[in-house]
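# Sequence plus predicted model, see below.
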Amino acid sequence: MIRKRYIGIDLHTDNFFACFRDKEDELFSKKYELSQEGFREFIADLSPYDIIAVEAVANAPFFKRKILGYVEKIVFVAPGEFHVIGSSYKKTDLNDAGKLAFYLSKGLLPLAREKSEFHSQLLSMIETRSVLVKARMMANHKTISILTRQGIKLSSHRLIYKGGYQKYVFIHPLDSLMMLELGWLETQVEFLNQKIAEVNRQIEEMAQSLKGFKNLTSITGVGVISAAIILCTIGDIHDFSSPKKLASYFGLVPKVRRSNKNNPTYRITKRGSKLARTAIITSVWQVIRYNDELKTYYDRKREFKGGKRAAVATANKLIKVIFDVLKNDCIFEDVSRQRFKKEATAFDFA
């Protein structure tokens, strides 16, 4: 007789705790080292009919690769949606593993969507780019601060480009210590500019192979970086049945707290990837520069709701367009009539 077991894993950077149970009872719990020896010991305790649940933390894919093939199934749990562990009064590693095993046996765990290795690598590179851009911004802000103390006004965007310091900073009469400090900052900014350019080239090269990249960048205003972030976050568009589900995944829908006749308005949920949400909003600012229909919609919403809420509302409109072009494998043509074409054939959607 096949005996199916449910295993909850509380995963750390140097070890992990496993709780084994069947449908009715907890069988045993055990601690393992996150090492070759630890994995050999853990695999020896497994059977081909086991199902494992582990929270979708940074090293969860590594853990899955190590034990794939030794069990029936491995699922990732969305930590932000599984509040049982976070709100528990007894917060121990074994207790956390036990809760994962218990709710896994009942089929009540909120599962996380798994990204492909390629999508994860590309997103990691984009995050590295963000780190470099922020470092450059901090260096430039420090330069602006030094100049401001001397009564010199300068916009930070002038310092981004090559030769910006020579053209706009070193033309001013400053003392030797300030010149030394600004020289260090210039060296740092030039180095960061070089690395950002290298990362941009690599991201663009990788993004070209993403399914739907041509469709998404056919929307004027959606750039290469934003398209890459959006596509890597979405993964398979067929996982979403409607644009509203996609908008909810990006965290761009309002919270709902309905009770009896009360139906108050709340802020957006901000669930999901902050990087992806920023990419959508950034794309909105660019798209409305070229698209009269969305610009008119944004202006109308801004008149009553203000700029931020208008941007979120327009982002939901843009998500509908993104959903359509990806779901139907179409090239974007005209938002005013929602017209698209498949490579050579144009057709209308009602």
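Great, that's in hand. Numbering: from 1, shown residues only.
# can you pull the contacts of the closest residue to residue 204 other than its chain neighbours?
Ranked by CB to CB, 6 or more residues apart in numbering and with sequence neighbours excluded, the top spatial neighbour of residue 204 is residue 224, at 5.0 Å. Yep, even glycine has a C-beta here, placed from its N, CA and C like the rest. Residue 224 sits next to 200, 203-204, 207, 217 when contact means CB atoms under 8 Å, 6 or more residues apart in numbering.
# Now intersect those with the strands, please.
Here DSSP state E is the test, and those give no hits in strands at all.
# coming back round to it: for the residue nearest to residue 204, what are phi and psi?
Main-chain dihedrals, residue 224, degrees, to the nearest 10: phi -60, psi -50.
# mind listing what the residue nearest the centre of the chain touches?
Nearest residue to the geometric centre of the chain (CA atoms, centre = their mean): residue 273, 3.4 Å. Counting by CB under 8 Å, 6+ apart, residue 273 touches 229, 233, 250-251.
# I figured residue 66 was touching residue 38, is that so?
No - at 9.6 Å, residue 66 does not count as touching residue 38 under the criterion of CB atoms under 8 Å.
# And the helices in the stretch 1-150 of the chain, which stretches?
Remark: helices assigned in the stretch 1-150 of the chain by DSSP state H, counting those that start in this stretch are 36-44, 60-67, 83-86, 93-105, 117-149.
# Would you reformat these as TSV and include mean neighbour count, distance to residue 291 and mean pLDDT?
Shown next, in TSV, are the helices of the stretch 1-150 of the chain (neighbours: other CB atoms under 10 Å; distance: least, CB to CB, whole Å; pLDDT from 0 to 100):
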stretch	mean neighbour count	distance to residue 291	mean pLDDT
helix 36-44	13	53	96
helix 60-67	16	38	95
helix 83-86	13	40	81
helix 93-105	21	46	93
helix 117-149	15	25	95
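# nearest to residue 8, of those?
Between residue 8 and those, the tightest spacing by CB to CB is seen for helix 93-105, at 2.9 Å.
# Quick check: which helices or strands does that closest one pack against?
Taking 3 or more CB pairs under 8 Å, 6 or more residues apart in numbering; DSSP states H and E as contact, the helices and strands that helix 93-105 lies on are strand 6-11, strand 15-21, strand 26-33, strand 51-55, helix 83-86.
# ok, and which of the ones you listed has the densest surroundings?
Among these, strand 6-11 has the highest mean neighbour count (mean count of other CB atoms under 10 Å), at a mean of 25.
# Please parse the chain into its domains.
6-105, 117-206, 213-348 (automatic domain parsing).
# List the residues that contact residue 289.
221, 295.
# For it, give me the pLDDT.
In this model, residue 289 is scored at 92, pLDDT.
# can you pull the alpha-carbon coordinates of the helix or strand hosting it into CSV?
Using DSSP states H and E, residue 289 falls within helix 274-290. Output of helix 274-290 as CSV, limited to C-alpha atoms (Å, rounded to 0.1, in the frame of the first residue of the first chain):
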residue,chain,number,x,y,z
LYS,A,274,7.5,46.4,-6.7
LEU,A,275,9.9,46.4,-9.6
ALA,A,276,7.2,45.3,-12.0
ARG,A,277,4.7,47.7,-10.6
THR,A,278,7.3,50.5,-11.1
ALA,A,279,7.9,49.4,-14.7
ILE,A,280,4.2,49.6,-15.5
ILE,A,281,3.8,53.1,-14.0
THR,A,282,7.0,54.3,-15.7
SER,A,283,5.6,53.0,-19.0
VAL,A,284,2.4,54.9,-18.5
TRP,A,285,4.3,58.2,-18.3
GLN,A,286,6.0,57.4,-21.6
VAL,A,287,3.0,55.9,-23.4
ILE,A,288,0.7,59.0,-22.7
ARG,A,289,3.3,61.1,-24.5
TYR,A,290,2.6,59.3,-27.8
